[in-house]
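Peer 1: Sequence below, structure please.
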Amino acid sequence: MKKILLILIANIIFCVVVIFVCRDYYDIKTKRALAYNHAASYVETTYKIEKENIEPLELDYRRGQGLFEMLLQDTKTKDKFSFTVDIGMDYQLFYFKDHTEVYRKNEESKQ
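Peer 2: Numbers count the residues shown, from 1 in each chain. Okay, here's the model as predicted:
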């Protein structure tokens, strides 16, 4: 009887862990898509580049801070744009910062 009870408890714990991991994975993927959409819309309106010509180079998630760092590139001119985006728990835009000028200055100083 004890053996069956231990197996049942182990299975329940395993299922709970799987549910939390899947929920976290879904949350990050959804927030990543929303963050990319906000950044691409910002590039489209600010820099007058069509959304179809924008491609992501890097989409990194800072797990502890909950921020997305992204590097986007214009496919025609090869210009790069850097952003930091935070999406809240309710999937609304919480924080958006354009780091494009700083990124370009850093790239120039490396060359």
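
Peer 1: How about the residue minimising distance to the centre of the chain, nearest residue that isn't a chain neighbour?
Peer 2: Relative to the mean C-alpha position of the chain, the nearest C-alpha, by C-alpha atoms, centre = their mean, is the one of residue 32, at 3.3 Å. Excluding the flanking residues, the one nearest residue 32 by C-beta to C-beta, 6 or more residues apart in numbering is residue 59, at 5.9 Å. (Glycine included, C-beta is placed from N, CA and C.)

Peer 1: Dig out what the one you found forms beta bridges with.
Peer 2: Under DSSP bridges, the beta-bridge partners of residue 59 are residue 70.

Peer 1: That one contacts residue 36, correct?
Peer 2: Yes: if you go by C-beta atoms under 8 Å, residue 59 and residue 36 touch, sitting 6.3 Å apart.

Peer 1: Residues that sit against both of the two, list them.
Peer 2: 68, 70 (C-beta atoms under 8 Å, 6 or more residues apart in numbering).

Peer 1: which helices and strands sit right next to the least confident helix or strand in the chain by mean pLDDT?
Peer 2: When each helix and strand of the chain is scored by mean pLDDT, DSSP states H and E, helix 100-110 comes last, with a mean of 88. The contact analysis (3 or more C-beta pairs under 8 Å, 6 or more residues apart in numbering; DSSP states H and E) places helix 100-110 against strand 80-87.

Peer 1: Which stretches in this protein count as helices?
Peer 2: 2-46, 100-110 (DSSP state H).

Peer 1: Can you say which of these is nearest to residue 86?
Peer 2: helix 2-46 (8.0 Å; C-beta to C-beta).

Peer 1: mind checking how far the closest one is from the chain centre?
Peer 2: Helix 2-46 has its C-alpha centroid displaced from the chain centroid by 13 Å (C-alpha atoms, centre = their mean, to the nearest Å).
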